[in-house]
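Novice: Just a sequence and a predicted model for now, questions to come.
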Amino acid sequence: MAESGHIQITTTPPRVQYLADGVQTLFVFPFPIFNADNLQVYIDGLLQSGTYTATGVGASHGGSIAFLTPPAASARVTIRRLLPLQRTSDFQEGGDFRAKTLNDELDYQTAALQQVGTDMERGLRLPPADPDVNTTLPD
């Protein structure tokens, strides 16, 4: 955890990619995660499960994943943070209003907004001044 007792959310994008060399097993992710379930790891577009371990949960600077077996040479390794879009706390009328709880909630919401922003940047978009058009892609 960060020295202040909660994750510090920076402007670091919540996604990183590497090109594997067939030997390396350790890959760094430079963004914070709240729990290990917040990570999605892909090799050449295939979601991985049970093929790696993660460190750095709750660390502001991020952490790393260690594959049990090195990804093949030239395989693309993608690591991203994926948060459920949800509220994580509820403040009660007349109840305690703790700075840590508020900071944790705001950090989570900021991280979720970063995720949405990164997903939007990767999608097809129309320029802001273009007329409204149907952008549905064919099957």
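Specialist: Good, I have the coordinates.
Novice: The spatially most central residue of the chain: what's it in contact with?
Specialist: Compute the mean C-alpha point of the chain, and by CA atoms, centre = their mean the closest residue is residue 81, 1.5 Å away. By CB atoms under 8 Å, 6 or more residues apart in numbering, the contact list for residue 81 reads 14, 15, 29, 31, 32, 33, 38, 39, 40, 111, 115. Any C-beta I mention is one placed from the backbone N, CA and C, and that applies to glycine too.
Novice: hey, what's it bridged with?
Specialist: Beta-bridge partners for residue 81, by DSSP bridges, are residue 39.
Novice: Show me the shaky parts of the chain.
Specialist: Applying pLDDT under 70 to the chain flags the ranges 1-5.
Novice: Tell me where it has helices.
Specialist: Taking DSSP state H as the test, the helices found in the chain are 99-121.
Novice: re earlier: pick the one among the contacts of residue 81 closest to residue 53.
Specialist: Among the contacts of residue 81, residue 39 lies closest to residue 53 (CB to CB), at 10.6 Å.
Novice: how close does the closest one sit to residue 62?
Specialist: Residue 39 sits 10 Å away from residue 62, going by CB to CB, to the nearest Å.
Novice: quick one: common contacting residues for those two?
Specialist: With CB under 8 Å, 6+ apart, residue 39 and residue 62 have common neighbours 29, 33.
Novice: Show me what stretch 53-63 is in contact with.
Specialist: In contact with stretch 53-63 (CB under 8 Å, 6+ apart) are residues 1-2, 7-10, 12, 28-36, 39, 64-66, 68.
Novice: redo that, cut-off 6 Å
Specialist: If you take CB atoms under 6 Å, 6 or more residues apart in numbering as the criterion, stretch 53-63 is touched by 1-2, 7-8, 29-33, 35-36, 39, 64-66.
Novice: Counting neighbours, what do you get for residue 36?
Specialist: 13 (other CB atoms under 10 Å).
Novice: Might you report the residue contacts of it?
Specialist: 54, 57.
Novice: show me where the chain has strands.
Specialist: 15-19, 26-29, 39-43, 46-47, 52-55, 63-67, 76-81 (DSSP state E).
Novice: So what's the residue count around residue 38?
Specialist: Counted with other CB under 10 Å, residue 38 comes out at 19.
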